[in-house]
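S.K.: Provided below are the primary sequence and the corresponding predicted coordinates.
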Amino acid sequence: MNHLIIYAHPNPASFNHAILEAYADELASAGHPVRVRNLYAEGFNPVILQSDYELINRGTPPDDIRSEQEHIRWCGIMTFIFPIFWAGMPAVLKGYIDKVFSVGFAYVFEGDRPRGILRGRKAVIINTTGGALNYYQKSGMVESITHTMDGGIFRFCGFQVLEHKFFVAVPMATRAERSLMLEEVRAIARSLPS
Ligand SMILES: Cc1cc2nc3c(=O)[nH]c(=O)nc-3n(C[C@H](O)[C@H](O)[C@H](O)COP(=O)(O)O)c2cc1C
């Protein structure tokens, strides 16, 4: 299975980067072709320009968007690795979704409702939080985030969401706890369909 990983963290020494390395390493060891889009490192511009918007609506997205869409066409499983920033995605990733999951590519308006057209693809989401487990589960935050992201973006576009994992309270985690989390990351990669 071809794997596309969309990674969004500004710090190459972060725990998110360790997650990326463990996950990509496990997939590559199992023989899966893996492509990584490192949005901060590549300087992905999340802002939709007026000209982008016009081209997208004419069904001819600009080259930078088209090349990202080619990566998505290539993959069978798309994985997103990022920290929760203000109860959602880092802005660079939100901008990636705004631009790349465009009308005519990710969904169409048909009959009485929009319809996702990335069917057959699967999605995995791996998040880290600063907030603690108690807060995240009892406040309904996990439910809200999974509802809006998994439902509002990925399932809407036709993805089957295989896993949405939250590693919580990461800034306070000990070395031993971090190692266990990375083991879980590897286990997720091993559990994916081939
Ligand atoms: C701009 C910004 C916004 C953040 N917003 C949240 C938030 O809404 N909820 C939360 O639990 N943690 C929040 N955090 C904390 C990060 O999610 C946390 O530090 C990160 O997931 C830890 O992973 P890392 O060590 O790889 O950076 C925020 C951090 C930053 C820099």
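M.R.: Cool, the structure landed. Numbers count the residues shown, from 1 in each chain.

S.K.: burial of the closest residue to residue 191 other than its chain neighbours, as a residue count?
M.R.: Nearest in space to residue 191, with sequence neighbours left out and distances taken as CB to CB, 6 or more residues apart in numbering, is residue 163 at 7.8 Å. C-beta coordinates here come from the backbone N, C-alpha and C atoms, glycine included. Neighbour count for residue 163, taken as other CB atoms under 10 Å: 13.

S.K.: quick one, what contacts residue 163?
M.R.: Residues near residue 163 by CB atoms under 8 Å, 6 or more residues apart in numbering: 124-126, 188, 191.

S.K.: and this structure, which residues reach the ligand?
M.R.: Near the ligand, the residues belonging to the chain are 9, 14-16, 83-87, 128-131, 170-171 when assessed by CB under 6 Å from any ligand atom.

S.K.: the residues you listed in helices, which ones?
M.R.: Residues of the residues of the chain next to the ligand located in helices (DSSP state H): 15-16.

S.K.: pLDDT score for the nearest residue to residue 160 once chain neighbours are set aside?
M.R.: The spatial neighbour of residue 160 that comes closest, neighbours along the chain excluded (CB to CB, 6+ apart), is residue 122 at 4.9 Å. Per-residue confidence (pLDDT) for residue 122: 98.

S.K.: distance of residue 122 from residue 76?
M.R.: From residue 122 across to residue 76, the span is 7 Å (CB to CB, to the nearest Å).

S.K.: looking at the two, which is more packed in?
M.R.: For residue 122 versus residue 76, the count of surrounding residues by other CB under 10 Å is larger for residue 122: 19 against 16.

S.K.: the more buried one: what's it in contact with?
M.R.: By CB under 8 Å, 6+ apart, the contact set of residue 122 is 76-78, 159-162, 192-193.

S.K.: all set now, cheers.
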